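Here is my input, please return the structure:
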Amino acid sequence: MSSVLEGRSALVTGGASGIGRAIAAAYVDAGAEVVIADRDPRVAEVAKEIGARRGEILDATSEQAVDALVDSIVGDQGRLDILVCSHGILTQSPAAEMSTAMWRETLDVDLTAVFLLNRAALRPMLDQGGGRIINVASQLAIKGGVSLAHYAAAKAGVIAMTKSIALENAGNGVLVNAIAPGPIDTPMVEGIDDQWKCDKRAELPLGRFGTPAEIAPTAVLLASDPGGNLYVGQVLGPNSGDVMP
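Below is the predicted model:
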């Protein structure tokens with residue numbers, strides 16, 4: 001077991017399943033003290049399963065709930081070294097038929113909540129003189145997706161926000177980066193229609209979707225010292241070849 005994150009304090013959102021769970025488990029294996037947060041009520045059970053410090057139910061769209069969670073982690077552990085924003089929702093609709101409510105819900109969860117978490121984490125990280133923030137975006141932020149204009153727009157916003165926050169804070173020791181996975185076999189993707197998934201697999205040079213365990217090492221790299229020390233405002237793309245920037 002690697003100990004590259006030994007003693008680091010980490011918060012991983014979306015930690016009850018999928019990519020978030022895989023990243024949280026990898027962080028535990030790497031020696032970090034991990035808190036996972038999710039709106040899924042199974043989050044406390046998952047925390048026990050992977051050996052995380054604790055699991056917290058979180059509405060990441062609530063400014064008060066986000067600030068309170070970060071404050072509780074700092075109060076408990078004395079610092080917050082790593083934030084991973086891996087929560088999200090994924091729905092489908094052609095743009096011409098998309099309701100404003102669907103658009104707003106996706107932007108609230110997949111973009112605004114990421115901002116709230118980044119802002120909350122920056123405060124202790126700047127006070128302590130350093131930290132790592134990793135925002136999970138998507139390759140669809142770069143290429144778009146049929147019936148996914150709201151999701152692609154939110155994830156493009158995450159990438160632009162990541163770069164901006166990185167520029168503001170790298171000089172103070174807080175390194176902010178993004179991971180833009182391709183299609184990954186997760187519970188979130190299970191809800192997308194089978195034809196879309198079939199068509200998507202046919203587009204991929206690798207010919208298959210990835211797994212959460214194949215994304216987690218990228219998150220470990222970005223959080224590690226010295227492995228992640230030179231990444232500033234970068235977008236790493238484990239995406240089965242779907243995007244080659």
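
Could you use CA atoms for every contact and neighbour count after this?
OK.

How far off centre is the helix or strand hosting I133?
In this structure, I133 sits in strand 131-136 according to DSSP states H and E. With CA atoms, centre = their mean, to the nearest Å as the basis, strand 131-136 stands 8 Å off its chain's centre.

for stretch 146-155, same thing?
16 Å.

can I have that stretch written out in CSV, keeping just the CAs?
Only the C-alpha atoms of stretch 146-155 are listed here, as CSV (Å, rounded to 0.1, in the frame of the first residue of the first chain):
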residue,chain,number,x,y,z
VAL,A,146,-26.4,14.9,-27.9
SER,A,147,-29.3,15.6,-25.5
LEU,A,148,-26.7,16.7,-22.9
ALA,A,149,-26.4,20.5,-23.5
HIS,A,150,-27.1,21.2,-19.8
TYR,A,151,-24.5,18.7,-18.5
ALA,A,152,-21.9,19.7,-21.0
ALA,A,153,-22.4,23.4,-20.2
ALA,A,154,-22.1,22.7,-16.5
LYS,A,155,-18.9,20.7,-16.9
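
buried residues in that stretch?
S147, L148, A149, H150, Y151, A152, A153, A154, K155 (16 or more other CA atoms under 10 Å).

Which strand or helix spans the closest residue to the fourth one other than its chain neighbours?
Nearest in space to H150, with sequence neighbours left out and distances taken as CA to CA, 6 or more residues apart in numbering, is W103 at 5.5 Å. For W103, the enclosing helix or strand under DSSP H and E is helix 100-107.

who's in contact with that helix?
Residues from elsewhere that reach helix 100-107, judged by CA atoms under 8 Å, 6 or more residues apart in numbering: I89, L90, H150, Y151, A153, A154.

rerun at 6 Å
Residues outside helix 100-107 that contact it (CA atoms under 6 Å, 6 or more residues apart in numbering) are H150, A154.

pLDDT (mean, whole number) over the helix or strand just after that helix?
For helix 100-107, the following helix or strand on the C-terminal side (DSSP H and E) is helix 113-128. For helix 113-128, mean pLDDT rounds to 98.

can you check stretch 15-28 too?
Mean predicted lDDT for stretch 15-28 stands at 98.

can you list contacts of it?
By CA under 6 Å, 6+ apart, stretch 15-28 touches G14, I36, A37, D38, V43, V46, I50, S86, T186, P212, A213, A216.

Any idea which of these the model trusts least?
Per-residue pLDDT puts T186 lowest of the contacts of stretch 15-28, at 84.

which stretches of this protein aren't confidently modelled?
1 (pLDDT under 70).

what angle sits between the top helix by length along it and strand 131-136?
In the chain, assigned by DSSP state H, the helix with the most residues is helix 149-169. Helix 149-169 runs at 160 degrees relative to strand 131-136, counting by axes from the mean of the first three to the mean of the last three CA atoms, to 10 degrees.
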